[in-house]
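S.K.: what follows is a predicted structure for the sequence shown.
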Amino acid sequence: MLEVRGLQAGYGLSQVLFGIDLSVPGGKVVTLLGRNGMGKTTTIKTIVGLLGVRSGEIRFHGRALDGLKPHQIGRLGIALVPEGRQIFPTLSVRENLIATSANRHGRSTPWTIDRIYALFPRLGQRTGQLGSSLSGGEQQMLAIGRALMTNPRLLILDEATEGLAPIIRQEIYDCLEGLKQDGESILIVDKNVEELSRIADEHVIIEKGKTCWQGDHGAFQAAPQLRQQYLGV
């Protein structure tokens with residue numbers, strides 16, 4: 001579904017990515033792992049068109065994404081839950097969800113507001129509240145719901161549970177586990193490796209802007225030294 005090969009990118013004169021390789025097969029959950037500052041968010045921004053490609057290629061269902069605007073990439077079926085949530089603070093919960101609602105690819109069982117409220121009952125209880133009045137965890141739920149309302153073919157989450165209380169993190173991971181069971185394709189960045197292990201099919205580890213390891217979950221579990229070498233503090 002998503003293929004990234006030899007990706008290089010950066011900000012101004014500063015290069016951050018020096019060779020990222022990763023793939024997300026249809027219906028699979030792939031994690032993007034690495035210590036802080038290794039280029040995970042930069043990789044995500046480049047995939048969704050917020051940052052230009054300097055070298056390499058990004059292909060989605062066989063189509064090159066280089067040069068496309070973020071809204072064009074979104075219409076192809078990639079939805080981002082960004083770091084920091086970035087919901088619309090002056091819109092209500094319901095308005096946040098309606099604002100992105102679309103089913104461009106003719107999904108037979110599309111995401112609707114009722115389905116989002118079933119997934120996150122807290123949002124249903126706060127349907128008329130402004131986004132700015134929600135807790136951090138509720139805003140993250142809303143950001144996920146907003147992305148799902150585009151009925152994406154690929155869902156990308158950047159720092160899925162950063163700064164959230166343990167009980168809220170558990171709710172988010174329960175949600176992601178349900179999405180996996182429904183066959184959603186997901187690329188996720190998060191620091192909670194143990195929780196990621198519940199849902200991940202494959203892992204990609206990056207170090208200093210390069211892919212240094214990738215493989216399935218079984219291979220990752222069989223190599224505990226990877227966590228200390230590339231993920232430990």
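M.R.: Structure received.
S.K.: what about the helices in this structure?
M.R.: Applying DSSP state H to the chain gives helices spanning 40-47, 70-76, 93-99, 113-119, 121-125, 136-148, 166-181, 193-199, 217-221, 225-226.
S.K.: so which elements touch the fifth one?
M.R.: Under the contact criterion of 3 or more CB pairs under 8 Å, 6 or more residues apart in numbering; DSSP states H and E, helix 121-125 touches helix 113-119, helix 136-148. (Glycine included, C-beta is placed from N, CA and C.)
S.K.: relative to residue 21, which of those is closest?
M.R.: helix 136-148 (24.9 Å; CB to CB).
S.K.: would you mind measuring from residue 98 to residue 229?
M.R.: Applying CB to CB, to the nearest Å, the value for residue 98 to residue 229 is 46 Å.
S.K.: so for the helix or strand of the chain with the lowest mean pLDDT, what gets flagged as buried?
M.R.: Lowest on mean pLDDT, DSSP states H and E among the helices and strands of the chain sits helix 193-199, with a mean of 88. By neighbour count on 16 or more other CB atoms under 10 Å, the buried set for helix 193-199 is 195, 196, 199.
S.K.: most tightly surrounded among the helices and strands packed on helix 121-125?
M.R.: A comparison of the helices and strands packed on helix 121-125 by mean neighbour count, using mean count of other CB atoms under 10 Å, puts helix 136-148 on top with a mean of 23.
S.K.: can I get the helices and strands packed on helix 121-125 in CSV including mean pLDDT?
M.R.: Converted to CSV, the helices and strands packed on helix 121-125 look like this (pLDDT from 0 to 100):
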stretch, mean pLDDT
helix 113-119, 96
helix 136-148, 96
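S.K.: just the pLDDT for the nearest residue to residue 40 once chain neighbours are set aside.
M.R.: Leaving out its chain neighbours, the residue that sits closest to residue 40 by CB to CB, 6 or more residues apart in numbering is residue 189, at 4.9 Å. For residue 189, the model assigns a pLDDT of 95.
S.K.: also residue 108?
M.R.: Per-residue pLDDT puts residue 108 at 89.
S.K.: next: the one 4 residues further on.
M.R.: Per-residue pLDDT puts residue 112 at 96.
S.K.: if I look at it, how far off is residue 106?
M.R.: Taking CB to CB, one finds residue 112 at 15 Å from residue 106.
S.K.: which one of these two has more residues nearby?
M.R.: A side-by-side neighbour count of residue 112 and residue 106, using other CB atoms under 10 Å, places residue 112 first with 15 against 7.
S.K.: next up, the contacts around that one.
M.R.: With contact set as CB atoms under 8 Å, 6 or more residues apart in numbering, residue 112 has these partners: residue 149.
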